[in-house]
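# here's a sequence, model it:
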Amino acid sequence: MKNQFSSTPLDEEQVQYYQENGFLWLSNLTDETELEMMRAAYDRIFAEKAGRSEGNEFDLAGADEDDKQAALPQILNPAKYAPELRNTKAEAAARAIAQQLLCADGSEEVQGGPAHAILKPAFHGAITPWHQDEAYWNPQMNYRSISIWMPLQDATLENGCMQFIPQSHKREVLPHQSIGNDPRVHGLEVCQPNDIDFSEAVPCPIPAGGVTLHPGRTLHYAGANNSPGPRRALIFGFSLPAIPRQDDRSFPWNEAKQTARAKRAGTAKATM
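Next up, the predicted model:
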C-alpha cells in the first residue's frame, strides 16, 4: 500500500485499506516551514498552560493536580489560543481527505479543524492506553467522524507513535474505565476483553507532517515517550452531523468521572 500523500483524492487502494482496516497512514501533509511555525505555537501554548482555567488544558492521564507535573498534558481547541494553527496547509489537506472518506459525493460538508493537542514530554510522557474515541462522546448519537493525527516531529516507537488494531472499527463501543480505574482521571482505557489480540497491533511510525487517520471506534494506543525530545501531536477532528440512536445506550464510565478539569470548566461557564 502506498503511504505517500501528495494530493487529494486518495487513491482507491488507500480508501479500501482505510475502510477495511479502520486506519491509514500518510507520510506528508505539509512542509517544513509550516511545521516550524506550528511547533513554535504549540510549545508556547503548552508553556503557558493556555486554557487551563476554562478546563481546556489538563492532564489526560493523571489526577490533574496543580502542584504536580502532568503525565500527559492536553489542550482542547488549541487554535483558540494560537490562531496561527488555523487555516494552514495541513488543515486544508486534512479537511479534503476527511471529505473524501466521509462524503465523497459532496452532498454533505465536513465540519471541524484543530480539535486538540497532546504533548508527551521528554523521558516523561505517559502511555495513551488502548481506547476508542467514541467512548468519550454522547452515547445517544451515532457518529460519522475521522481523527487525523499529525506529529510535529518524527513519530517513532521510542517517542510514542500511534498503533492500531486492524478492523476494530467494526465492533461496537467496548466497556471502558478511567485510566487506572481512577474517576479523577479524564482519560479512558478499554477494559480488555479476551477476544482482542493486542499482538496484532500495527505501529505507524511516520515523519513530521505525516498523519494517521482513524474513525471513532478504532482501537488505538500510543506508547510512552522514552526519547530526549518532546513528542508533539496535533489532532484534527472532522465529522458530518451525528445521527440520534433509537436505543438507550449509556457510557457509565463517563458518568462516574469526578475530574478537576470538569470542575474548572463548570466554574468558568458559570462566570460567563
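
# distance between stretch 158-178 and the chain's centre?
Counting by CA atoms, centre = their mean, to the nearest Å, stretch 158-178 is centred 11 Å from the centre of its parent chain.

# which of the residues in it are buried?
158-166, 168-169, 171, 173-174, 176-178 (16 or more other CB atoms under 10 Å). In this view, the C-beta of every residue, glycine as well, is placed from N, C-alpha and C.

# and Ala104, how many neighbours does it have?
Close neighbours of Ala104, defined as other CB atoms under 10 Å, add up to 11.

# per-residue pLDDT, the residue lying closest to Pro114 once chain neighbours are set aside?
Closest residue to Pro114 apart from its sequence neighbours, by CB to CB, 6 or more residues apart in numbering: Ala79 at 4.5 Å. pLDDT recorded at Ala79 is 97.

# next, Ala79: secondary structure please.
Following DSSP: H, G, I helix; E, B strand; the rest coil, the label given to Ala79 is helix.

# which ones are touching Trp149?
The contact partners of Trp149, taken as CB atoms under 8 Å, 6 or more residues apart in numbering, are 162, 211-214, 233-235.

# with distance to Arg264 added, can I get those in JSON lines?
Output for these, formatted as JSON lines (distance: CB to CB, whole Å):
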{"residue": "Met162", "distance to Arg264": "28"}
{"residue": "Val211", "distance to Arg264": "31"}
{"residue": "Thr212", "distance to Arg264": "30"}
{"residue": "Leu213", "distance to Arg264": "31"}
{"residue": "His214", "distance to Arg264": "29"}
{"residue": "Ala233", "distance to Arg264": "23"}
{"residue": "Leu234", "distance to Arg264": "23"}
{"residue": "Ile235", "distance to Arg264": "21"}
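
# what is the nearest of those to Gln153?
Ala233 (9.5 Å; CB to CB).

# tally of neighbours for the closest one?
By other CB under 10 Å, 23 other residues sit near Ala233.

# okay, and the beta partners of it?
Ile118, Pro151 (DSSP bridges).

# confidence score at it?
As predicted, Ala233 sits at a pLDDT of 98.

# my guess is it meets Ala115, correct?
No: contact between Ala233 and Ala115 fails when scored by CB atoms under 8 Å: they sit 11.3 Å apart.

# and the strands in the stretch 101-250 of the chain, which stretches?
111-120, 128-131, 141-151, 162-164, 176-178, 188-190, 202-204, 211-214, 220-222, 231-244 (DSSP state E, counting those that start in this stretch).

# burial check on Leu240, number of neighbours?
Each residue near Leu240 was counted by other CB under 10 Å, and the total is 19.

# over to Ala47: give its phi and psi.
For Ala47, the backbone dihedrals (degrees, to the nearest 10) come out as phi -60, psi -40.

# what residue lies at the spatial centre of this protein?
Compute the mean C-alpha point of the chain, and by CA atoms, centre = their mean the closest residue is Ile235, 5.1 Å away.
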